[in-house]
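Peer 1: What follows is a protein structure lacking sequence information:
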Ligand SMILES: NC(=O)C1=CN([C@@H]2O[C@H](COP(=O)(O)OP(=O)(O)OC[C@H]3O[C@@H](n4cnc5c(N)ncnc54)[C@H](O)[C@@H]3O)[C@@H](O)[C@H]2O)C=CC1
Ligand SMILES: O=C(O)C(=O)Cc1ccc(O)cc1
């Protein structure tokens, strides 16, 4: 069934997130026409083979001509460059959004290029996997997941409503917050876990000579969970670290302090302290799982926890 929301949608960047959006737009009939643009000709060719859109171009400026909605899904460090490229061709009244994992930096990079009359509404779907590229995307990725908007103070309510309806059509729940708050919250719930995973897998790799390859051979499920996160795209996560530097460093400082507390408790045999912390964290896990059961997102779970991974 068709539920047209925009005449023409331009998708800039067609990796995991861009291609998942493209698949949903097509499946739900949300656009009259979908124009796809990405920097590399090979990725663009793959998007065409997968029939993700109606027209394809390596020129972002060309893609946005006459588009009513433009979704920028590139690594956050490239947001400014893309905004600069597309700015001259943005149609007055068009909605420009992004999906970047950091928000204050994306706004600082993009907003100066956005012409008057274009509605720039930064966004961030809290859904994804460790995979990247157009083949990694799938229909239903955003179903039951949060999408956070960090609108600028002067944002037009009607434009906000149209973008809200777009994400609701993809199955998302919408929340709004200011960009600095977003960056702090995401630093602890998403950015730190990835950094910790990169670090522990790196440490284990460095220890390989000491442990004679037993780390990999005997890797139990705890370590395997870390390796999934540590397999995430290096370009994307380099950019996240560089573009949410302050919030990440603040959370890392807190994390290191708490780790030192744990280290002390282990050194001095303070079992009660260990037991208290491990009990508290177990409750948190249980409440997250409980909340997850209320969310109708079985597809996400299946893809995020690929049994073959
Ligand atoms: N991977 C994930 O789980 C999630 C990622 N995000 C955010 O979404 C954005 C995209 O991430 P993914 O789709 O995972 O990455 P990806 O690596 O799968 O795709 C990135 C796409 O951007 C293109 N690209 C890179 N630089 C470009 C440029 N200058 N001009 C035009 N195209 C360019 C690449 O060719 C590719 O098509 C990032 O900002 C990331 O922080 C948000 C939520 C979840
Ligand atoms: O793969 C995972 O577990 C993720 O956490 C995916 C993810 C990565 C980056 C985001 O900004 C949002 C979601």
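Peer 2: Sure thing, it's come through. Please read these numbers as outputs of a predicted model, since none were measured by experiment. Ligands and ions are numbered 1, 2, ... in the order given.
Peer 1: helices or strands next to the helix or strand hosting residue 8 in the packing?
Peer 2: For residue 8, the host element (DSSP states H and E) is strand 6-12. When contacts are defined as 3 or more Cβ pairs under 8 Å, 6 or more residues apart in numbering; DSSP states H and E, strand 6-12 packs onto helix 16-28, strand 31-37, helix 60-63, strand 69-72. The way it works is simple: take the backbone N, C-alpha and C, and place the C-beta from them, glycine included.
Peer 1: In the third one, which residues are buried?
Peer 2: Within helix 60-63, the residues that qualify as buried are 60, 61, 63, counting by 16 or more other Cβ atoms under 10 Å.
Peer 1: what do you get for the first one?
Peer 2: Of all the residues in helix 16-28, those buried under the rule 16+ other Cβ under 10 Å are 16, 17, 18, 19, 20, 21, 22, 23, 24, 25, 26, 28.
Peer 1: Please apply the same query to stretch 173-193.
Peer 2: 174, 177, 179, 182-188, 190-192.
Peer 1: Could you export the buried residues of helix 60-63 as a markdown table, including distance to residue 83 and pLDDT?
Peer 2: As requested, these are exported to a markdown table (distance: Cβ to Cβ, whole Å; pLDDT from 0 to 100):
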| residue | distance to residue 83 | pLDDT |
| --- | --- | --- |
| 60 | 9 | 98 |
| 61 | 11 | 98 |
| 63 | 13 | 98 |
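Peer 1: Can you tell me which of those residues is closest to ligand 2?
Peer 2: Using Cβ to the nearest ligand atom, the shortest approach to ligand 2 within those belongs to residue 60, at 21.6 Å.
Peer 1: From residue 230, how far out is residue 197?
Peer 2: Computed as Cβ to Cβ, to the nearest Å, the residue 197 to residue 230 distance reads 4 Å.
Peer 1: Can you pull the residues of the stretch 1-150 of the chain lying near ligand 1?
Peer 2: Applying Cβ under 6 Å from any ligand atom, one finds that the stretch 1-150 of the chain approaches ligand 1 through 12-18, 38-40, 43, 60, 73-76, 78, 81-82, 99-101, 125, 128-129, 132-133.
Peer 1: Also near ligand 2: which of these, exactly?
Peer 2: Okay, of these touching ligand 2 (Cβ under 6 Å from any ligand atom), that's 101, 128, 129.
Peer 1: Could you dump these into a markdown table and include secondary structure?
Peer 2: Output for those, formatted as a markdown table (DSSP: H, G, I helix; E, B strand; the rest coil):
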| residue | secondary structure |
| --- | --- |
| 101 | coil |
| 128 | coil |
| 129 | coil |
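Peer 1: Which of the helices or strands spans the residue nearest to residue 200 when sequence neighbours are not counted?
Peer 2: Leaving aside its chain neighbours, residue 200 sits nearest to residue 226 (5.2 Å; criterion: Cβ to Cβ, 6 or more residues apart in numbering). Assigned by DSSP H and E, residue 226 belongs to helix 221-230.
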